[in-house]
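Asks: Need coordinates for the following:
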Amino acid sequence: MPYIERDGARIFYQAEGQGPAVLLSHGFSATSVMWKGQIASFRDRYRIITWDMRGHGESSSPEDPALYSTEATIADMAAVLDACGARKAVIGGHSLGGYMSLAFYLSHPDRVRALMLFNTGPGYKNDEARIAWNRMAEKQAGAFARKGLAAVGHSEEMQLGTHVTALGLEHAARGMLAQSDARVMDGLTTIHAPSLVLVGEKDRGYLAAADHMAAKIPKSRKVILADAGHAANLHQPIAFNAAVEEFLKGLPAAPDQ
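Replies: Numbers count the residues shown, from 1 in each chain. As a prediction, the model looks like this:
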């Protein structure tokens, strides 16, 4: 299996198929396994790149909590693209992976052909809301410290994958899930890449976030999937893939990879 060594971590990734590059990032405490259906559906015409965030799945879990951050995740994403020889790609992600995709654009707009934001949000402008979110992240970290991998959530995308240790998830909750500022929220209007904002109609925690992103990102298209919750690609795979296919087909021709 392919790995890259970077910043104290060994990062697992895989690239399948031929064509324009698409990088897909999973959510917190999920793994790249959640994208199996998309790999199968798109590999004949796109190069689908998936990976496990540090502390997750097949990637390593550094003991130093300082090695887990938004900045480290952005750099990991860039390194995965480099390892695959992809100068530019469609950048997509679910939940935490969607937030990191937005953060990646703000750091590397020249490497983003388009964005796909699945069941995710841009963080919080309001300090009190961010503090409440971070309390939730700390609660998650504490659960992994006390219960180990038994603390992995029961939602479909989380249950599909396996993790080596709970330590990485504990550190990731504090360093990657928690948020320190409103940089992503404030940067939405500066995003000029075509963007797909997709959310399941039953994912009540992210419906307002989807509305906000669609209103603020200039070249965005919002899709609400009927009868789908947070794991929209698993709840309604046919409709999910159809929405992604329509979006990708509508993009300008891809540059040479």
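
Asks: Which positions in the lowest-mean-pLDDT helix or strand in the chain come out as buried?
Replies: In the chain, no helix or strand scores lower on mean pLDDT, DSSP states H and E than helix 156-160, which sits at a mean of 87. Neighbour counts over helix 156-160 (16 or more other Cβ atoms under 10 Å) mark 157, 158, 159, 160 as buried. (Each C-beta comes from the backbone N, C-alpha and C, glycine too.)

Asks: Stretch 2-9 now?
Replies: Under 16+ other Cβ under 10 Å, the buried positions of stretch 2-9 are 3, 4, 6, 9.

Asks: And for stretch 178-194?
Replies: 178, 179, 182, 184, 185, 187, 188, 191, 193, 194.

Asks: Show me which of those is closest to residue 28.
Replies: residue 178 (10.4 Å; Cβ to Cβ).

Asks: So the closest one sits against residue 138, correct?
Replies: Yes - applying Cβ atoms under 8 Å, one finds residue 178 in contact with residue 138, separated by 7.1 Å.

Asks: anything in contact with each of these two?
Replies: By Cβ atoms under 8 Å, 6 or more residues apart in numbering, residue 178 and residue 138 have no common neighbours.

Asks: Now go through the buried residues of stretch 2-9 and say which are in strands.
Replies: Mapping the buried residues of stretch 2-9 onto strands (DSSP state E) picks out 3, 4, 6, 9.

Asks: I'd guessed the third one sits against residue 80; true?
Replies: No - taking Cβ under 8 Å as the definition, residue 6 is not a contact partner of residue 80, at 9.1 Å.

Asks: Please pull up the helix or strand immediately following the least confident helix or strand of the chain.
Replies: helix 166-172 (DSSP states H and E).
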